[in-house]
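Engineer: Below is the structure, and that's it, no one-letter string:
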């Protein structure tokens, strides 16, 4: 006797499954796998049997539309599309669809009401961190994205706290004022522990000015520099490493009409970002147009108005960085080369090196822009696919403002070298001027080897919901050692590669020195149980430096969690009793044992050996380890202190991801969408399926049937 299992979803394409009655030892794993595959193929919801369908309500209907538009960047007018209306009528005939104005108005209403609940939610959160970055939309509107990070329910969370419409110039004071106002709206001024930002100079002013508005914020000591941005500065175009492998940039003079108070053509290097920009003209360095692509969303500022294609305060700071800091770095590297006979570089070597990225970027651009070249390259790849050691099917494009694009572009050329040479060898393609010689290919392979260091690190710092701030210093120390190996390894790398590595080292050291201004890195590092102070000793830090870090951590811990006075008195009295012993042979061993600090004290934590990395890993990482120590009989103060600092973001990648979809976020034709509506959509999208907004059911509850009908 056989059992027959017939598919209820797609019986025509899904064959009947048979099982013999006596085969009781066989499991149902294959049957379940087949069932799940069929559900996925037919877009069936995998809901448990027995759950009744949700009864229709207009509030839920409207809530789904609002969250659909917010979550997938859909225009509100999309609900008027004939296919969507017909689909709704198919599912429930007679259902009315809201017009775009209703959806827009409801989006703002939901945001305003849910913001009150978000404020209430954060009252139960101990500490929050911010990651901040700016963005200019395709509609020429500037926004400041504030992404909040916090720890709750045993995991890290992050969400857009608010997208703030920027109406003035992005000075450090203005950024601080808008941020402080946002934190006051959500009652978070006493909970802010750290702020992660990139290295623009107006952010330096921000961190110095914010403590005047939020006294509990510690200023530069609580500022985290975006680790991914530092890596970007070390490696990307016109900076330390890859600048040695690009053609020299041309300098184009652009007029920037701001305020005619001075005839100076350049800003002073030491000029504060909160001063008014006074120059009439700005020298902008531009590479060969074929050397790469610029980000279409670069923001510029003219006369106080943000417009695509002009320079903002942040971009000005970046230009100054490229012009002065990196220029000096390269000059220092070349001076260093003169001190080492093994670093003798001829002019021919420099010319060959400078052509690598330029030629590779031009070939990639032409392949992507000319269909006939792309077709020929595809044919060459298909013909040589069996001999290629990669699954890559095309050349990666270089984008000047995108991290890792240099690595991707050069690596794709290395992997598809045979095909590229075949493409260039065809006279009809007219690409002979872009051919790389043997020495250039040698340099390209070595550049890829070195850039892989930065590629891997950037991938690490781009992770989400992973505690990483305690790894910043160890990772940068590791990068330094690898670059020193490249610089000093005479047999494996060409002299120009070694000089480029020295340039990167100079920039890296510059920013590692700035890490010393922030206490967040060092507290998080030492509060990682498998590091503690021992990591500093193992990695060559002086006892003076270690003592300074120890004093910093003890001071900060005791400020946040004062010692229990009663416990202190008990220890002192006990010590006195033991010290007054009449036994002349008393060696004081008992007194030393008794005056040890308590288990939940920072002093006790610092004087004990690090926990095994295997134990921390078995616990699920440092956060899970400290979560297990929060019990009242364990070390609750230490656990709270460690978790608060370990949850600080190591990079502002999340702030950038909030608007990384570019023109998908808001279309350049959506001029009628107000900034308030856009900010509401962005916030709701980020809050969705987090403790700030669990699901669409919460939105339906906010609306309610009566209010929803009133809105319509």
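Structural biologist: Perfect, I can see it now. Small disclaimer: the values here were computed from a predicted structure and weren't measured.
Engineer: Mind checking the pLDDT average for stretch 529-543?
Structural biologist: For stretch 529-543, the mean pLDDT works out to 95.
Engineer: Let me see the residues that make contact with it.
Structural biologist: With contacts defined as CB atoms under 8 Å, 6 or more residues apart in numbering, stretch 529-543 is touched by 470, 474, 477, 525-526, 545-546, 549-550, 605-606, 608-613, 615-616, 622, 625-626, 642. Backbone N, C-alpha and C define where each C-beta goes, glycine included.
Engineer: next one: stretch 628-643
Structural biologist: Under CB under 8 Å, 6+ apart, the answer for stretch 628-643 is 126, 151, 527, 529, 557, 560-561, 599-602, 605, 619, 622-623, 626-627.
Engineer: What of stretch 450-464?
Structural biologist: Contacts of stretch 450-464 (CB under 8 Å, 6+ apart): 158, 227-228, 231-232, 234-235, 241-242, 403-404, 406-407, 410, 468, 471, 475, 479, 482-483, 486, 493, 497, 500-501, 650-651, 653-654.
Engineer: Which ones among the contacts of stretch 628-643 lie within helices?
Structural biologist: Of these, the ones assigned to helices by DSSP state H are 557, 560, 602, 605, 619, 622-623, 626-627.
Engineer: Can you give me the domain boundaries for this protein?
Structural biologist: According to automatic domain parsing, the chain comprises the domains 2-41, 106-226+652-711, 232-338.
Engineer: Tell me, how many residues neighbour residue 526?
Structural biologist: 26 (other CB atoms under 10 Å).
Engineer: Tell me if I'm right that it and residue 551 touch.
Structural biologist: No. Taking CB atoms under 8 Å as the definition, residue 526 is not a contact partner of residue 551, at 11.6 Å.
Engineer: Mark which of the contacts of stretch 529-543 are buried, thanks.
Structural biologist: The neighbour count (16 or more other CB atoms under 10 Å) marks 470, 477, 525-526, 546, 549-550, 605-606, 610-611, 616, 622, 625-626, 642 as buried among the contacts of stretch 529-543.
Engineer: of the residues you listed, closest to residue 191?
Structural biologist: residue 642 (16.9 Å; CB to CB).
Engineer: Checking the closest one next. Helix, strand or coil?
Structural biologist: helix (DSSP: H, G, I helix; E, B strand; the rest coil).
Engineer: That one and residue 19, how far apart?
Structural biologist: 54 Å (CB to CB, to the nearest Å).
Engineer: and if you look at residue 543?
Structural biologist: Distance from residue 543 to residue 19, by CB to CB: 72 Å.
Engineer: what does residue 178 give?
Structural biologist: 66 Å.
Engineer: which residues sit against stretch 416-436?
Structural biologist: Counting by CB under 8 Å, 6+ apart, residues outside stretch 416-436 touching it are 355-356, 359-360, 362-363, 366-367, 373, 376-377, 380-381, 384, 387-388, 390, 392, 395, 413, 441, 444.
Engineer: Isn't residue 59 up against residue 703?
Structural biologist: Yes. Here residue 59 reaches residue 703: they are 4.2 Å apart, a contact under CB under 8 Å.
Engineer: Please say which of the two ends up with more neighbours.
Structural biologist: residue 703 (24 against 21).
Engineer: Does that one touch residue 105 like I think?
Structural biologist: No. The pair residue 703 / residue 105 is not scored as a contact, 11.6 Å apart, by CB under 8 Å.
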